[in-house]
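Student: Provided below for reference: sequence and predicted model.
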Amino acid sequence: MNVAGSDRSLSRLNTEPVEPQMGAMENVSALASAKPMVEDQIPPISARVTTPSSGAGNLPGLDAVQSRYARIIAKAARTYGLPIRGCEVAIVTAIVESNIRVYANKYVAESLKYPHDAVGSDHDSVGIFQQRPIYWGTVKDCMDPTTSAGKFYAALKKVAGWQNVSVGTAAQKVQKSAFPLRYDQQASKATAICRAAY
């Protein structure tokens, strides 16, 4: 899992395989026993966001590419009928997981066929949210910003009380990261982005 902007040294962004961190194996075991995502509550294709909402310039702290993806994520939150807090949870996740960029994965050959901004190497995680197709659907879906945002929001809506916990806690409930504290560290940035994009 990575953090935004200047911190590019985290293992998820490396293009070389890394050894698991202490405590990560318990998380992998939990993921291995988790039930696959159910694709309910995903809007029909005609209702899905296919282009970013128009907006002047870059969003706070983001470049043009990140701003385009952040607008897609924000618009998808509106499509799902979520309040701005839902956008904040998704954006904080995207900041930590990929620095709001679409990542292919060198171990997932199919991911390299789809548009991407960078290539990572964390297990089989792909896309903006670093979703693992084994749990989240097809590689194509996970690589598509609109579809992957929809899957993220469908999972978020299933988290009881997600509106009443910190943005980072809600993100962790969806992602089940080995590094749960990283989400709340980026919450203020996510809030600023969503306020500008929502």
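Tutor: Sure thing, it's come through. Numbers count the residues shown, from 1 in each chain.
Student: give the helix, strand or coil label for the residue minimising distance to the centre of the chain.
Tutor: Compute the mean C-alpha point of the chain, and by Cα atoms, centre = their mean the closest residue is Phe129, 2.2 Å away. Look at Phe129: counting by DSSP: H, G, I helix; E, B strand; the rest coil, its state is coil.
Student: and it, what are its phi and psi?
Tutor: Taking degrees, to the nearest 10, you get phi -100, psi 10 for the backbone angles of Phe129.
Student: just list the residues touching it, thanks.
Tutor: Neighbouring residues of Phe129 by Cβ atoms under 8 Å, 6 or more residues apart in numbering: Ala90, Thr93, Ala94, Glu97, Ser98, Cys142, Ser148, Ala149, Lys151, Phe152, Gln175. Yep, even glycine has a C-beta here, placed from its N, CA and C like the rest.
Student: how close does the third one get to Gly161?
Tutor: From Ala94 over to Gly161 the distance is 22 Å, taken as Cβ to Cβ, to the nearest Å.
Student: go on, the fifth one?
Tutor: When distance is defined by Cβ to Cβ, Ser98 is 26 Å away from Gly161.
Student: neighbour-wise, which of these two wins?
Tutor: Ser98 (26 against 9; other Cβ atoms under 10 Å).
Student: need the contact list for that one.
Tutor: Contacts of Ser98 (Cβ under 8 Å, 6+ apart): Asn2, Ala118, Gly120, Gly127, Ile128, Phe129, Gln130.
Student: who wins on neighbours among these?
Tutor: The residue in the contacts of Ser98 with the most neighbours, by other Cβ under 10 Å, is Gly127 (33 neighbours).
Student: so it touches Lys140, yeah?
Tutor: No: the criterion here is Cβ atoms under 8 Å, and Gly127 misses it with Lys140 at 9.9 Å.
Student: in the chain, where is pLDDT below threshold?
Tutor: 1-56 (pLDDT under 70).
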